[in-house]
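> I need the structure of the sequence given here:
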Amino acid sequence: MKNILISGGAGYLGTVLTQYLLKKYNVIVYDKFYFPWLKKNKKLIKYSNRLTFINKNLTDVKIKDFKNIDIVCDLNGIPNDPAAEINPKITWDINYTGRLNFAKIAKKAGVKRYIFNSTCSVYGFNKNKVNESSKLNPVSTYAKANLKSEKKVYKLRSNSFKVYVLRNSTLFGFSNVLRLDLVINLFVYNLLKNKNLIIDGDGRQFRPFISLTDICKIYHHLINNNKIPSFICNLVSFNLTIRDLALSVCKILKNKKSKILFNENNKDKRNYYVVSNNFKDYFKKNFKFANFSNEIKNLAKLIKKNNIKLNSQTIRLKFYKKLF
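Numbers count the residues shown, from 1 in each chain. Now for the predicted structure:
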């Protein structure tokens, strides 16, 4: 049975990915556990006998932390643009210097494969559709630090150390460590509370999206296939303007009480419509992405069931303001 180390594994994506991979693998979660759901609820998790924890900061990593590890899933880092701007120096120390050092030590320890969680934010502002060969144009500290880190980590690749750079679209879906600073999640939450949906700018800016369900399937496919060579790949299920996204979520949840409002004084500079030229080469050509309507309904159901609130645990900007 393979041993998978997930760094940042107690966060939004990591909490879901950990539980998904436990079905078939031993999972070691490397995290400082600022979001402690996994630790607090270990006994409730299926296959928890396969789950172990390393409670450490990213910057404190040692070569012994990778003993007997087959694959690393690197989900490290400050997770979004607003939080990254609170203290740009710390963002660079973690998202660039820390992540690069983490990968170097993993390689030195003999890890064979390294999955690097990146972002489509590296495309920043682009008027045309972008793919893996397009010009990169990061406009935020978050995107710039992640781009420099992914470039350096990708250069570490070799026949004995395969590197997979996954440029995620904006994520959505339920996690026990839910983020409500992600646009779809926040739209669903606000509609459940009958609040208006507020959009920065005119809402005509495009964004790519992908569900946690799809990300987990993609990671599993990579982990389960030893012969896939190193690559960089955009992960995108669909693209929508923020305006059309709001209309779609309202329609699915049949909410007619809330209004869609536009904050023209706070224009969003980011605009990118993302496709992938590489996805079909490394994943199943008939890969079936999750049904958007079903994902939205399930997200709404679980937000209600778990009585999710807007606070420093669900809004990362609030959390990192306290931490920094």
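
> Okay, strands next: where are they in the stretch 101-250 of the chain?
113-119, 125-130, 162-168, 170-172, 197-200, 206-211, 231-235, 238-241 (DSSP state E, counting those that start in this stretch).

> Could you take those and lay them out as CSV, with extra columns for distance to Leu156, mean neighbour count and mean pLDDT?
From N, CA and C alone the C-beta is placed, and that goes for glycine too. Below are the strands of the stretch 101-250 of the chain laid out as CSV (distance: least, Cβ to Cβ, whole Å; neighbours: other Cβ atoms under 10 Å; pLDDT from 0 to 100):
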stretch, distance to Leu156, mean neighbour count, mean pLDDT
strand 113-119, 8, 24, 97
strand 125-130, 25, 14, 88
strand 162-168, 6, 23, 98
strand 170-172, 26, 23, 97
strand 197-200, 37, 20, 91
strand 206-211, 26, 22, 96
strand 231-235, 13, 21, 98
strand 238-241, 31, 17, 96
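
> Output these as CSV; include the columns distance to Gly14.
Shown next, in CSV, are the strands of the stretch 101-250 of the chain (distance: least, Cβ to Cβ, whole Å):
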stretch, distance to Gly14
strand 113-119, 9
strand 125-130, 27
strand 162-168, 13
strand 170-172, 12
strand 197-200, 28
strand 206-211, 15
strand 231-235, 16
strand 238-241, 24
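
> how about these, which one is nearest Ile105?
Among the strands of the stretch 101-250 of the chain, strand 113-119 comes nearest to Ile105, with 11.0 Å by Cβ to Cβ.

> check which helix or strand covers Val29.
Val29 belongs to strand 26-31 when elements are defined using DSSP states H and E.

> OK, contacts around the nearest residue to Ile54 once chain neighbours are set aside?
The spatial neighbour of Ile54 that comes closest, neighbours along the chain excluded (Cβ to Cβ, 6 or more residues apart in numbering), is Tyr30 at 4.4 Å. Contact analysis of Tyr30 by Cβ atoms under 8 Å, 6 or more residues apart in numbering lists 5-9, 54, 56, 61, 65.

> let's go with 7 Å and repeat that
5-7, 9, 54, 56, 65 (Cβ atoms under 7 Å, 6 or more residues apart in numbering).

> and Phe279, which of the strands of the stretch 101-250 of the chain is closest to it?
So among the strands of the stretch 101-250 of the chain, strand 231-235 is nearest, using Cβ to Cβ, at 5.8 Å.

> thinking again about what came up before, out of the contacts of Tyr30, name the ones that lie in strands.
Among the contacts of Tyr30, DSSP state E puts 5-7, 54 in strands.

> a markdown table for those, including pLDDT and neighbour count?
Converted to a markdown table, these look like this (pLDDT from 0 to 100; neighbours: other Cβ atoms under 10 Å):
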| residue | pLDDT | neighbour count |
| --- | --- | --- |
| Leu5 | 98 | 25 |
| Ile6 | 98 | 27 |
| Ser7 | 98 | 28 |
| Ile54 | 98 | 19 |
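
> Check those and tell me the two furthest apart.
Maximum distance among the ones in strands among the contacts of Tyr30 (Cβ to Cβ): 10.1 Å, for Ile6 and Ile54.

> now the closest residue in space to Tyr12 that isn't next to it in sequence: how far from Phe116?
With Cβ to Cβ, 6+ apart as the criterion, Tyr12 has its nearest non-adjacent residue at 4.6 Å, and that residue is Arg179. The gap separating Arg179 from Phe116 is 20 Å, by Cβ to Cβ, to the nearest Å.

> Ok, Pro138 next?
For Pro138, the distance to Phe116 equals 16 Å [Cβ to Cβ].

> Could you do Lys269 as well?
Distance from Lys269 to Phe116, by Cβ to Cβ: 25 Å.

> Could you do Leu317 as well?
For Leu317, the distance to Phe116 - Cβ to Cβ - is 24 Å.
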